[in-house]
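Participant: Here you go, sequence then predicted model.
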Amino acid sequence: MNQTTLSSILFGAFVAATLFIVWRAGRTSKKSTDFYDGGASFSGFQNGMAIAGDYMSAASFLGIAGTIALFGYDGFLYSIGFLVAWLIALLLIAEPLRNSGRFTMGDVLAFRMRQVPVRTAAATSTLVVSIFYLMAQMVGAGALVSLLLGITDPTAKNYIIAGVGILMILYVTIGGMKGTTYVQILKAFLLMIGAALLTILVLAYFKFDISALLAEAAKNQNPKNPDAFLQPGLKFGKEILIDPALPASAANTNVLATLWSKLDLVSLGLALVLGTAGLPHILIRFYTVPTSKAARKSVNWAIGNIGAFYLMTIALGFGAAALINRVTLTGGWKVDKINGTKCLVDKTLVQIADPANTKACTTDSIAQYAALTDEQKLHAVAADTSGNVAAPQLAEFLGGHGQIGGAIMLAVIGAIAFATILAVVAGLVLASSSSFAHDLYASVIKKGNASPEKEVRVAKIAAIVIGLVSIVLAIGAQSLNVAFLVAIAFAIAASGNLPAVLYSLFWKKFNTRGAVWAIYGGLFSALILLIFSQNVSGAPDSLIPLVGGEGLKFDFFPLRNPGIVSIPLGFLFGWIGTVTSTESNSAKYAELEVRSLSGAAIGKAAQH
Amino acid sequence: MGSSENEKVWEETQASPEFQALKKKFRNYAFPVAILSLAWYFLYVLLTGFAREALATKLFGEINLALVLGLLQFVTTFLIAWAYDKHSTKHLDDASDKIAREVESKLAK
């Protein structure tokens, strides 16, 4: 039995087990609104595991390990931002949100406002954030599956994306929040076990000498300057030289470009740490527990889990850096889009080795691939400049490369990565379909006159439609960088949602215009700045790439991450909107404040 | 029961000294701690951007100051989460439960 068969069997087993769990959960649901909150009956521990399962996406598992493997220390910055972010959720959001809302982010935002404009805005930003995040996960799923199953045919890749999409639709429509929660809990356990296994194997390989592990990683990846690999600066906040051919010195530093590059690092840090508490699929998880105390416990369980996992990414990332050579991590072969032949990626260009697969294979590179032995071909994986396959490659190495142990490890870690993606996409579809049904359909279209049964039926239809739309979008977006899509989602969540949520909970004067301006102002600032940045044009790895310095160029905004501008703008728009409107509802604020701090009348709808 | 009577319950509770004390206890802890955690995190981010020579100092073998500061962010996050839970259990939970019960008994009238 080879690794591909084993991967398929393990993945099939996970799918079968989760479908069974979801079917059982669907059968035991009592009220129709269990679709939204799973009956609000999970314990703090269960929800803590589910939060971890909902939060740690493929970007965490594969992306961070890969970034550390290729760029060393800088990958660690993601881990820290993603973890510290939970303190904001814990201290300011989780408990008051649980106490004052029922099913969606819009519940809290619209609590004391005019329903139609605020719920429309809340649903819009929920859908935008969730769909960008969904696309990122599904594009990642397609790439991962094709790697592990050795599929390179683009049509087969599309089938895989469609398959992931159909599974998430099934999870959500059959199991609702309850089923999705169980899938996320199962995934969190699998992910922790898989990461712990790899961590122990890596540490044992280096006889538990972390210094030796780091030294080997640095030497293997950055032989010319090993120390730099263990310091910040290889990926974020780079020093930009005037003439890259000359050595770094004060005279050879482009001061302005370097400053922008460092501000971009700060901006990324800001988006990471403030984005989490504005992600709708994370916020609705706080509604699945009965009390604010349980919400607090669940965040603490999640912090423990997520923190432990991110600590392990250090071992995973530096382990892959130490044990897998750089060509394998980044280069390997690629398939020529024009005629389907395989060729070897230019090893000198490993940093930006044609991520969009736009360059055709040359006769030489085809000949180079053909000259490899079968063993080398197996070891040289598909071109991937993000290092997304570093963790599976590490697993294969530790199990024994080319041996049955290696095949088993690769299959196991691959199946865990699938499970990771499936649990996250299900959470995203649930959040967006809930918001569509509860915010848009029930409150805006039906003005609060829809029965709960009808509302949940609409939510299920919305889940199917959102699932199908994201399948189509993800198939079209396959050449996009996964990290870029995730960055958009975090930046919009931090700019559009967080200011509105914080103002709603803690600022008495906040009103309808303030809420609407905060959401749309933050959301559109983030989107517009992204469009006019190098994410979209003006660089070799942009959406519209510069080829040989030529191409469409409208990158007027010098930062890749808009957070440092768009997040303050979200707060500013919310403030201006509030003070320019005379509307104020002090009675409703009294109710919101008492509810949010005391938990009185928890889970009961506010009267409008 | 009319919604104006309910409104009165919420407003009276909000104005009560018990509620104001609870609100003060919550805000006096959560707000400064949230701001300090963010400040500590941004100090770290700024150091990784602008104080790279200092962060490159090796402390034990290959383990440099940058890695130690990063790990300290984990330690402080765990500690703050634990301390906040302690604080809430000790100072906030009973008071908030009491207010919730009172409000609910008045609303149910």
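Facilitator: Structure received.
Participant: So which elements touch the helix or strand harbouring residue B:10?
Facilitator: Residue B:10 belongs to helix B:3-15 when assigned by DSSP states H and E. With contacts taken as 3 or more Cβ pairs under 8 Å, 6 or more residues apart in numbering or on different chains; DSSP states H and E, helix B:3-15 sits against helix A:586-598, helix B:93-107. Every residue, glycine included, has its C-beta placed from N, CA and C.
Participant: Please identify the buried residues of the first one?
Facilitator: To tie it back to what came earlier, the one meant is helix A:586-598. By neighbour count on 16 or more other Cβ atoms under 10 Å in any protein chain shown, the buried set for helix A:586-598 is A:587, A:588, A:589, A:590, A:591, A:592, A:593, A:594, A:595, A:596, A:597, A:598.
Participant: and of the residues you listed, the nearest to residue A:240?
Facilitator: Taking Cβ to Cβ as the measure, residue A:240 sits nearest to residue A:596 out of these, at 46.8 Å.
Participant: how about whichever residue of chain B sits closest to chain A, what does it touch?
Facilitator: Residue nearest to chain A within chain B: residue B:61 (3.0 Å; Cβ to the nearest Cβ). Counting by Cβ atoms under 8 Å, 6 or more residues apart in numbering or on different chains, residue B:61 touches A:210, A:211, A:212, A:214, A:215.
Participant: mind checking which of the helices and strands packed on helix B:3-15 is nearest residue A:153?
Facilitator: Between residue A:153 and those, the tightest spacing by Cβ to Cβ is seen for helix A:586-598, at 53.2 Å.
Participant: Flag the shaky bits of chain B, pLDDT-wise.
Facilitator: Across chain B, the ranges flagged by pLDDT under 70 are B:1-2, B:108-109.
Participant: Show me the strands in it, by range?
Facilitator: Under the criterion DSSP state E, chain B contains strands at B:58-60, B:63-64.
Participant: Parallel or antiparallel, list what pairs with the shortest one.
Facilitator: Its sheet considered, strand B:63-64 pairs with strand B:58-60 (antiparallel) by DSSP bridges.
Participant: residues making contact with the strand it pairs with?
Facilitator: By Cβ under 8 Å, 6+ apart, strand B:58-60 touches A:211, B:64, B:65, B:68.
Participant: Between all of the residues you listed, which two are separated the most?
Facilitator: A:211 and B:65, at 14.3 Å, using Cβ to Cβ across the contacts of strand B:58-60.
Participant: In the stretch 251-400 of chain A, which residue sits closest to chain B?
Facilitator: Closest to chain B within the stretch 251-400 of chain A is residue A:269: 3.9 Å, counting by Cβ to the nearest Cβ.
Participant: got a list of what that residue touches?
Facilitator: Residues near residue A:269 by Cβ under 8 Å, 6+ apart: A:77, A:81, B:41, B:42, B:45.
Participant: quick one, the longest helix along chain B and helix A:586-598 angle?
Facilitator: Longest helix in chain B, counting residues (DSSP state H): helix B:17-50. Here helix B:17-50 points in a direction 70 degrees away from that of helix A:586-598 (axes from the mean of the first three to the mean of the last three Cα atoms, to 10 degrees).
Participant: Helix B:17-50 vs helix B:3-15, what angle?
Facilitator: 70 degrees.
Participant: which parts of helix B:17-50 are buried?
Facilitator: B:19, B:22-23, B:25-26, B:29-30, B:33-34, B:37-38, B:40-41, B:44-45, B:47-49.
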